[in-house]
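Q: how does the following fold in three dimensions:
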Amino acid sequence: MALYIGVMSGTSLDGLDIALIEQSPAIRLIATHYIPMPETLRAELLSLCASGPDEIARSAMAQQHWVKLAAQGIHSLLQQQQLQAQDIRAIGSHGQTVRHEPSRGFTVQIGNPALLTELTGITVISDFRSRDVAAGGQGAPLVPAFHEALFEQRSGKRAVLNVGGFSNLSLIETAKPVAGFDCGPGNVLLDAWIQTQRAETFDRNGQWAASGQLDQALLKTLLSDPFFATQGPKSTGREVFNLQWLNQHLAQHPAIPAENVQATLLELTALTIVDSLQAAQVDTQELLVCGGGAHNGTLMRRLSALLPGTQVNSTAVYGVDPDWVEAMAFAWLAHCCLEGIAANRPSVTGARGPRVLGAIYPA
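A: Next up is the predicted model:
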């Protein structure tokens, strides 16, 4: 039996998810801890997603803040579980993505793993994406390999959908290598729009979107982005889909009520997921949803309506809490790194071959 901790903060920037798992060899979630992202840190991390003045120094300071927050959460989790640092084999720390441009040969996650090791006394594995990018891959999504490990024992055609800031699919079919790719915006545009219009961080249960009407003309404009016409392997991020991108399209459609924009953005998320799934895997029997989108009832109902032949469920139906799948994944990736197990999937990222992912910072 080995214990690992996974630390994840995604594109939504709402907070840090910290998961403790047991690998023996099955994967079991033991405990979790969540730390809300301080607004000042969230604003700084968002600003670092685009070029700006003194960004190298600002990035260095922001990641120190991020790491201290992560270390605080790890210590709290250990205390709650009555564990010591030496009880944990490693921490898998994703860090915070501030740039992701695999077409230009790089991806950047900040998170100062050396400092995290010093503050926790635990070996830290980080920088999981760079090796895949160096091997010609997208460096994302990385979770399909973990989804495969969790769900491959179930026969038939199924897909796992993670809806965080962006949405990505893992396609799991009996006797076939796992496939997967990013579909496009998940919550990133929905969150950005409601924050500008109503000063709320997210649309709880999709209620505001449900109050609006779909604007077909706007949807057609949004769907014209070249990303949606490309086939996997593919990945995306805030470099492509952001508030500026949305405002540029809205300029072609003035005077749309704000709630109708939200309804149209939810349809964009649902439709790009469904189109991607149907193009890549026909006759999917079950779609398992994790990430924040699993709690958006309006989105879940829309996915079910667009996929009448597919069971749409939260991963919770198989005992896997949808809020903690990604943090669990990075704990598992730390295990793979230390064991020398290739954890990318060329069928997902387009890399030249399987690679062991991560850089090790020994305690």
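
Q: biggest helix in the chain by residues?
A: Assignment by DSSP state H gives helix 55-80 as the longest helix of the chain.

Q: packing partners of that one?
A: Using 3 or more Cβ pairs under 8 Å, 6 or more residues apart in numbering; DSSP states H and E as the contact test, the elements touching helix 55-80 are strand 2-8, strand 15-23, strand 27-36, helix 39-47, strand 96-101, strand 106-110, helix 113-120. C-beta coordinates here come from the backbone N, C-alpha and C atoms, glycine included.

Q: please, which helix or strand holds Leu287?
A: If you go by DSSP states H and E, Leu287 is part of strand 286-290.

Q: okay, buried residues for that strand please.
A: By neighbour count on 16 or more other Cβ atoms under 10 Å, the buried set for strand 286-290 is Glu286, Leu287, Leu288, Val289, Cys290.

Q: make TSV out of those and add pLDDT and distance to Ala43.
A: Shown next, in TSV, are the buried residues of strand 286-290 (pLDDT from 0 to 100; distance: Cβ to Cβ, whole Å):
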residue	pLDDT	distance to Ala43
Glu286	95	39
Leu287	96	34
Leu288	96	34
Val289	97	29
Cys290	96	27
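
Q: out of those residues, the closest to Leu41 would be?
A: Lowest distance from Leu41 to the buried residues of strand 286-290 (Cβ to Cβ) belongs to Cys290, with 24.9 Å.

Q: so who does the closest one touch?
A: Val160, Leu161, Asn162, Val163, Ser314, Thr315, Val320, Pro322, Asp323, Val325, Glu326 (Cβ atoms under 8 Å, 6 or more residues apart in numbering).

Q: helices - which of the residues you listed land there?
A: Val325, Glu326.

Q: spatially nearest residue to Gln84 (excluding sequence neighbours)?
A: Leu78 (6.9 Å; Cβ to Cβ, 6 or more residues apart in numbering).

Q: what do you get for Phe146?
A: Phe146 sits nearest to Ala329 (Cβ to Cβ, 6+ apart), 3.9 Å away.

Q: same question for Phe181.
A: Gly232 (3.1 Å).

Q: where does the one you found land in three-state SS?
A: Under DSSP: H, G, I helix; E, B strand; the rest coil, Gly232 falls in the coil class.

Q: returning to that earlier point: can you get me a residue count around the residue nearest to Gln84?
A: The number of residues packed near Leu78 is 20, by other Cβ atoms under 10 Å.

Q: what does Ser347 give?
A: Neighbours of Ser347 (other Cβ under 10 Å): 17.

Q: right, and it touches Ile172 too?
A: No. At 11.4 Å, Ser347 does not count as touching Ile172 under the criterion of Cβ atoms under 8 Å.

Q: residues that sit against both of these two, list them.
A: Overlap of the contact sets of Ser347 and Ile172 (by Cβ under 8 Å, 6+ apart) consists of Val178.

Q: which residues does the residue nearest to Phe146 contact?
A: Gly6, Met8, Leu142, Val143, Phe146.

Q: go again with 7 Å.
A: Gly6, Val143, Phe146 (Cβ atoms under 7 Å, 6 or more residues apart in numbering).

Q: returning to what we had before: how about the longest helix of the chain, which residues are buried there?
A: Those would be Ser59, Ala62, Gln63, Trp66, Val67, Leu69, Ala70, Ala71, Gly73, Ile74, Leu77, Leu78, for helix 55-80 by 16+ other Cβ under 10 Å.

Q: quick one: mean pLDDT over that helix.
A: In this model, helix 55-80 carries a mean pLDDT of 97.

Q: after it, which helix or strand is next?
A: Downstream of helix 55-80 (by DSSP H and E), the next one is strand 90-93.

Q: just the CA atoms of that next one, as PDB, please.
A: What follows is strand 90-93, C-alpha atoms only, in PDB (Å, rounded to 0.1, in the frame of the first residue of the first chain):
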ATOM      1  CA  ALA A  90       4.900  11.600  -3.000                       C
ATOM      2  CA  ILE A  91       2.800  14.700  -3.900                       C
ATOM      3  CA  GLY A  92       1.700  15.000  -7.500                       C
ATOM      4  CA  SER A  93       1.400  18.800  -8.000                       C
END
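
Q: quick check: Glu326 touching Met8?
A: Yes. At 4.8 Å, Glu326 counts as touching Met8 under the criterion of Cβ atoms under 7 Å.

Q: joint contacts of the two?
A: In terms of Cβ under 7 Å, 6+ apart, Glu326 and Met8 are both contacted by the residues Asp17.

Q: surely Asp215 meets Ile256?
A: Yes. Counting by Cβ under 7 Å, Asp215 touches Ile256, with 5.5 Å between them.

Q: would you map the strands across the stretch 101-250 of the chain?
A: Assignment of strands within the stretch 101-250 of the chain using DSSP state E, counting those that start in this stretch yields the ranges 106-110, 124-126, 157-163, 166-173, 179-185.

Q: partner strands of the fourth one and their direction?
A: Note on strand 166-173: by DSSP bridges, its sheet partners are strand 157-163 (antiparallel), strand 179-185 (antiparallel).

Q: cool, the first one as well?
A: Strand 106-110 pairs in its sheet with strand 96-101 (antiparallel), by DSSP bridges.
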